[in-house]
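**Student:** Just the structure for this:
(one chain, ligands or ions: 1)
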Amino acid sequence: MRIDVVTIFPDYLAPLSLSLVGKARTAGIVDLRVHDLRDWTTDRHRTVDDTPFGGGAGMVMRPDIWGAALDELLGEDSHLLLPTPSGASLTQRRSESIAREDEHLVIACGRYEGIDARVAAHYADRGVRVSEFSLGDYVLNGGEVAALVLIESVVRLLPGVVGNPHSLVEESHGEAGLLEYPVYTKPPVWREAEVPPVLLSGHHGKVERWRRDQALARTAERRPDLLRRLDPAELDKKDRATLSELGWTVGEHGPVLPSPEAVAD
Ligand code: 6GU
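**Tutor:** Take a look at the predicted model:
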């Protein structure tokens with residue numbers, strides 16, 4: 001996969017030489033290049049922004065500078081990604097489809113109040129695949145951290161990057177739609193806290209059941225929104241018993257937590 005990142009802070013992307021992504025680059029699995037947007041400016045001050053039409057606080061990034069950069073970097077089969085707090089949330093399913101389908105990503109990191117809205121519209125009109133994405137419901141100073149997040153989440157899914165592909169299966173936000181169960185290692189007693197005995201039992205079936213129950217309980221507690229989205233066909237009798245103990249019932253469309261009023265009736 002080829003990835004081009006455009007930013008006014010190329011140094012922000014330095015961590016992409018480290019760890020797993022750094023190794024994927026050295027191994028030739030990903031060809032990643034970081035560009036300074038100011039290289040496409042033509043004035044002495046290398047200006048990339050201007051005041052917003054309609055007034056208001058802050059500055060907006062100029063479409064002409066972005067247009068010059070993106071015309072040069074986008075090819076026939078590129079996917080243009082724009083990190084913005086007003087984008088659709090990045091999910092594991094999105095990262096998986098990018099890792100599976102895209103050959104070339106161009107990530108345009110905005111700063112200030114964002115990039116002139118005509119830029120995304122223009123490339124979409126020209127037939128480029130354009131996606132505005134967000135990391136979540138909070139505001140960052142620019143798209144650089146979001147680019148790091150997107151790249152790490154996609155690159156680790158490329159064939160040959162993660163040593164044991166099985167470790168991609170059971171983790172949180174995997175196909176089961178549940179958060180991951182808690183994990184433990186040696187020593188078996190640490191500051192008087194013991195590892196759950198079932199994990200030392202050597203009984204594979206019991207370990208699997210315990211982990212599934214822990215994943216269900218954690219998801220119910222921390223992410224009830226994810227639990228509601230589970231397909232009831234994926235829930236067996238023991239899953240339903242565990243959920244029932246947690247106060248949930250499995251309806252036609254998935255698990256539901258009866259409201260206190262409904263219980264009182
Ligand atoms: Cl992608 N960009 C910015 N600036 N803020 C964010 C974000 C992105 N996602 C969440 N907050």
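**Student:** Show me where the stretch 51-200 of the chain has its strands.
**Tutor:** Along the stretch 51-200 of the chain, the segments classed as strands by DSSP state E, counting those that start in this stretch run 60-61, 78-89, 104-108, 129-134, 189-190, 193-194.
**Student:** So which residues make contact with the first one?
**Tutor:** If I follow you right, that is strand 60-61. With contacts defined as Cβ atoms under 8 Å, 6 or more residues apart in numbering, strand 60-61 is touched by 48, 49, 50, 51, 52, 110, 111, 112, 113, 114, 115, 116. In this view, the C-beta of every residue, glycine as well, is placed from N, C-alpha and C.
**Student:** excluding its backbone neighbours, what's nearest the fourth one?
**Tutor:** What that stands for is residue 51. Leaving aside its sequence neighbours, residue 51 sits nearest to residue 59 (Cβ to Cβ, 6 or more residues apart in numbering; 6.4 Å).
**Student:** would you turn the contacts of strand 60-61 into CSV with distance to the ligand?
**Tutor:** Shown next, in CSV, are these (distance: Cβ to the nearest ligand atom, whole Å):
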residue, distance to the ligand
48, 16
49, 14
50, 19
51, 19
52, 16
110, 7
111, 8
112, 10
113, 10
114, 8
115, 11
116, 15
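**Student:** buried subset of those?
**Tutor:** For those, a burial check counting by 16 or more other Cβ atoms under 10 Å picks out 48, 49, 110, 111, 112, 114, 115, 116.
**Student:** show me the contacts for the fourth one.
**Tutor:** If a contact means Cβ under 8 Å, 6+ apart, then residue 111 has 8, 9, 49, 61, 141, 142, 143 as its contacts.
**Student:** Name the nearest of those residues relative to residue 88.
**Tutor:** The nearest member of those to residue 88, counting by Cβ to Cβ, is residue 143 at 14.5 Å.
**Student:** The closest one touches residue 90, doesn't it?
**Tutor:** No. With contact defined as Cβ atoms under 8 Å, residue 143 does not count as touching residue 90 (11.8 Å).
**Student:** Name the residue in those two with the higher neighbour count.
**Tutor:** Using other Cβ atoms under 10 Å, the more surrounded residue of residue 143 and residue 90 is residue 143, with 30 against 21.
**Student:** Torsion angles phi and psi at that one?
**Tutor:** Residue 143 adopts backbone torsions of phi -80, psi 0, taken as degrees, to the nearest 10.
**Student:** Can you report how many residues neighbour residue 186?
**Tutor:** If we define neighbours as other Cβ under 10 Å, then residue 186 has 7 of them.
**Student:** Enumerate every residue touching it.
**Tutor:** Residues in contact with residue 186 (Cβ under 8 Å, 6+ apart): none are found.
**Student:** returning to that earlier point: which of the contacts of residue 111 are buried, as a PyMOL select command?
**Tutor:** To isolate the buried ones among these in PyMOL, judged by 16+ other Cβ under 10 Å, type:
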select buried, resi 8+9+49+61+142+143
